[in-house]
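K.L.:
Need a 3D model of the sequence below.
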Amino acid sequence: MRMVTPLHHVEFRWDVPNDGEMTDIPAELVSASILIGGMRNEGHEFVVRSERSDEIRLDARNDVFSVDESTSALFVGFDVQPLFDGIDLDNATIGSGGIIRIEDGANDDLLAIFDNNLIKAIQLFDDNDGDKRLDPEERDDTDVLAE
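P.N.:
Residues are numbered from 1 along each chain as shown. Below you'll find the predicted structure:
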């Protein structure tokens with residue numbers, strides 16, 4: 001008999017790691033739960049570092065989705081465009097070393113926008129073929145389970 005669990009939403013939590021909880025992590029990730037780095041076209045490096053520690057709820061796109069023994073893995077995907085909506089790096093304060101830092105104490109207004117955008121940028125996907133990877137054909141808009 002095949003066990004099917006219908007879900008209307010999924011919740012997950014991220015926290016800042018406790019001291020000693022994780023080893024061999026980048027120094028910038030210590031005391032942070034999210035770390036994103038990149039380079040702008042003109043060459044300015046940017047770093048977004050959030051100490052966010054909370055729960056995120058993703059609601060089923062079609063009111064309900066099912067998880068059963070064939071569901072070997074669920075993937076949480078982040079869409080970069082909505083994540084950075086409203087974050088004007090052109091007017092951000094550039095810190096030492098020419099790096100734009102968006103973190104507690106540096107460009108706080110942009111960090112607040114980033115943290116608010118986070119829920120709009122997250123989607124839940126299923127590994128349909130069971131290969132423990134989210135292949136391109138498994139992550140288009142029609143494959144979203146929850147958002």
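K.L.:
Please, where are all the helices along the chain?
P.N.:
Secondary structure of the chain by DSSP state H: the helices cover 80-83, 108-117.
K.L.:
what about dumping the CA coordinates of the longest one to CSV?
P.N.:
So the one you mean is helix 108-117. Taking Å, rounded to 0.1, in the frame of the first residue of the first chain, the C-alpha atoms of helix 108-117 are listed here in CSV:
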residue,chain,number,x,y,z
ASP,A,108,20.9,48.5,7.1
ASP,A,109,18.1,49.9,4.9
LEU,A,110,19.1,47.5,2.1
LEU,A,111,19.4,44.6,4.6
ALA,A,112,15.8,45.2,5.7
ILE,A,113,14.7,45.1,2.0
PHE,A,114,16.7,41.9,1.4
ASP,A,115,15.1,40.2,4.5
ASN,A,116,11.6,41.3,3.4
ASN,A,117,12.2,40.0,-0.1
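K.L.:
from the chain's centre, how far out does it sit?
P.N.:
Relative to its chain's centre, helix 108-117 lies at 14 Å (C-alpha atoms, centre = their mean, to the nearest Å).
K.L.:
Run a quick neighbour tally on Ser50.
P.N.:
For Ser50, the neighbour count with other C-beta atoms under 10 Å is 19. In this view, the C-beta of every residue, glycine as well, is placed from N, C-alpha and C.
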